[in-house]
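Participant: For reference, the sequence and a predicted model appear below.
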Amino acid sequence: MDDAFLQQLFEEHHRARKLPSPRLIEDWLDGLLQFLFPELSTLRFESEQSFRLHYLTNDLKFYSILDAMSEELTESPDAVRCAFEALLPSVRGALIEDAEAILAGDPAAVNRVEVITTYPGFYALAVHRIAHAVHGLGACLLSRMLSEIAHGKTGIEIHPAADIGRRFCIDHGTGIVIGETVRIGNDVKMYQGVTLGALSVQKEMARTKRHPTIEDGVVIYAGATILGGDTVIGANSVIGGNTWIVKSVPPDSRIYYREPRID
């Protein structure tokens, strides 16, 4: 190995910012999901005291993660930890509604336990709602790391800054892409392979709204592609499979792909 190359790498390692291990982040996330949903827990607790102790142990992992990333935070790690803890009841409430929406929207779903324990769409949503809360508290890199855990496990890519409303139903889910400035209303249902993305934009437009808005009650079928920050899919519309949309659609629309005629 070339000595100059090794020296260069050593200097880069020496200057590198401090980051928590990906394994610690994943362990904390798994522990948090098991805390929020007994269906996912591998432990049974004999007393409330032991349950609280288990939570505090996992919470210490979160503090360690934030402390290692303190350079990017605008508040102290403990302030961020406390603010996140205050958000957990609302995060869990939203996820219970998501699970119920998936149960109601998928005829194959038997009960809520099945949805929570086996549905990749629910897992991706659970991680997103946690990552979105973390992102809102200024821990942006951590939020991206969390979203990539879900992406790797499910094939569903949701940017942590995306704003998703209540009772969101993802059916199947693999291949879904939801961009950073997407806004999704309440009671939306989405199938696999959907892209909510940006039209080609210059880098200096990164802070603008580049991704579409999906209003309440919209259903988007498999393979649909919807692009652009000015694109709005009006409430209660149905977007058919394999459609390509770069312009707004009024409420109550029915958009579908018409196959070419072959004589």
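Facilitator: That came in fine, so what should we check first?
Participant: Quick one: the helices in the chain, in order.
Facilitator: 3-15, 22-36, 48-68, 77-105, 112-118, 120-136, 140-154 (DSSP state H).
Participant: Now do the first one: distance to the chain's middle.
Facilitator: Relative to its parent chain, helix 3-15 has a centroid offset of 36 Å by C-alpha atoms, centre = their mean, to the nearest Å.
Participant: care to break the chain down by domain?
Facilitator: Per automatic domain parsing, the structural domains of the chain span 17-156, 175-263.
Participant: among these, which gets the worst mean confidence?
Facilitator: Of all the domains of the chain, mean pLDDT reaches its minimum on domain 175-263 (a mean of 92).
Participant: With adjacent residues omitted, what lies nearest to Phe68?
Facilitator: Small correction: residue 68 is Ala, not Phe. Nearest non-adjacent residue to Ala68, counting by C-beta to C-beta, 6 or more residues apart in numbering: Pro20, 4.2 Å away. For the C-beta atoms, the positions are set from N, CA and C on the backbone; glycine is no exception.
Participant: Can you give me every residue that contacts the one you found?
Facilitator: Listed by C-beta atoms under 8 Å, 6 or more residues apart in numbering, the contact partners of Pro20 are 64-65, 68-69.
Participant: re the thing from before, nearest to Asp3, of the domains of the chain?
Facilitator: When these are compared for distance to Asp3 using C-beta to C-beta, the nearest one is domain 17-156, at 25.7 Å.
Participant: Pull up the distance across that closest one, start to finish.
Facilitator: End-to-end distance of domain 17-156 (C-alpha to C-alpha, to the nearest Å): 29 Å.
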